[in-house]
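In: got a predicted structure here, sequence first:
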Amino acid sequence: MNQNPLNEIIARTSLDKAFRDEFINHPAAVLEREGIEVPPGVTIKIVENTDDRLHIVIPAALGEQPETWTWKEPARSPEVVQCEGLTMSWDVGTLCLAGRITAENAPLLLRELDTVGKTLVVDFSAISFMGSAGLAVLLATQKRLSKKGQQIFLCDVPEPVKNLFHLAGLENLFKFVGNNMKYLWWVAFPTF
Amino acid sequence: MKLPQLMNNFLENFYSYFSHSIGQNADAGGASFYEAIILPAMRSEPFRRKLLDDPQAVLTEFGMVLPEGMSVRFLENTEDTIHIVIPPYVGE
């Protein structure tokens, strides 16, 4: 099945302010422009998630039996990889890292990131050290993903690690986000 | 493609992952979030009312713990009203 065009529209609202405002004010017009048919008589309500407010939508039955909805196995198993002082685990669309990213374990991180073809969040909250090898890995992944219009979000990066990005002049190539993104990001991106 | 169908595909996909992420709770007898909350909400009017009126109580019963300071609200899609939830703005 093709990618659901709604995913793209919703993703774009978090990054493109003009598009977001337009979507909030004229959702039907934007959807029609993107090739989505809005049946007459349907009201669209746009609801914004915030850092402290999560919205969950109960689907309409649409005459289609919900029993036929299939359970999809998530793309990733929650297995934990541990190597040379670095621990990696997946929490849906978030790669959670813990420990130190060094020249020894950076290739392993690259191997893990190479399996990802879509926008992802990398949780840095438990990283105590990252050397330039780690930076190179992130840069390579960001370059690869950006060609497809995807990107890495770096979540909860400790100040000393963030300084490395600053010193290398690479701060602007990455999106740094707060800890809440871990909980909220995937709400909008169920296709990880 | 029509919006209602797309929306339901979107939500179906969403709850598959949502369930995987926080829904597999032993307290609820191993039922996923989708099985324990969403399906009953679609099938039972009283349960849906309860979810809309007091989401926190239902979620607590289910054993779902939200991050500190975060609240949750359920919205009901119908044949003629579709809610689209968008994430916080994170651009420049």
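Out: Arrived safely, thanks for sending. Residues are numbered from 1 along each chain as shown, chains lettered A, B, ... in the order given.
In: quick one, what contacts the most centrally placed residue in chain B?
Out: Centroid-nearest residue in chain B: B:Ile38, 5.8 Å away (criterion: Cα atoms, centre = their mean). Residues counted as contacts of B:Ile38 (Cβ atoms under 8 Å, 6 or more residues apart in numbering or on different chains) are A:Ile58, A:Pro59, B:Tyr15. C-beta: built from backbone N, CA, C; applies to glycine.
In: possible to save those residues as a markdown table with neighbour count and secondary structure?
Out: Listed next are the contacts of B:Ile38 as a markdown table, based on neighbours: other Cβ atoms under 10 Å in any protein chain shown; DSSP: H, G, I helix; E, B strand; the rest coil:
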| residue | neighbour count | secondary structure |
| --- | --- | --- |
| A:Ile58 | 19 | strand |
| A:Pro59 | 24 | coil |
| B:Tyr15 | 25 | helix |
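In: lowest pLDDT pick from those residues?
Out: Scanning those for pLDDT, the low point is B:Tyr15. It has 73.
In: in TSV: the contacts of B:Ile38, plus distance to A:Phe129.
Out: Listed next are the contacts of B:Ile38 as TSV, based on distance: Cβ to Cβ, whole Å:
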residue	distance to A:Phe129
A:Ile58	45
A:Pro59	45
B:Tyr15	38
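In: which of these sits closest to A:Val177?
Out: B:Tyr15 (23.9 Å; Cβ to Cβ).
In: hang on, isn't that closest one packed against B:Tyr34?
Out: Yes. B:Tyr15 lies in contact with B:Tyr34 (Cβ atoms under 8 Å); the separation is 4.3 Å.
In: quick one: find the helix or strand in chain A with the lowest mean pLDDT.
Out: helix A:181-188 (a mean of 51; mean pLDDT, DSSP states H and E).
In: how about the strands in the chain?
Out: Just so you know, I chose chain A. Applying DSSP state E to chain A gives strands spanning A:43-48, A:53-58, A:80-83, A:86-91, A:94-101, A:120-130, A:152-155, A:175-177.
In: try again with chain B
Out: Here chain B has its strands, by DSSP E, at B:71-76, B:81-86.
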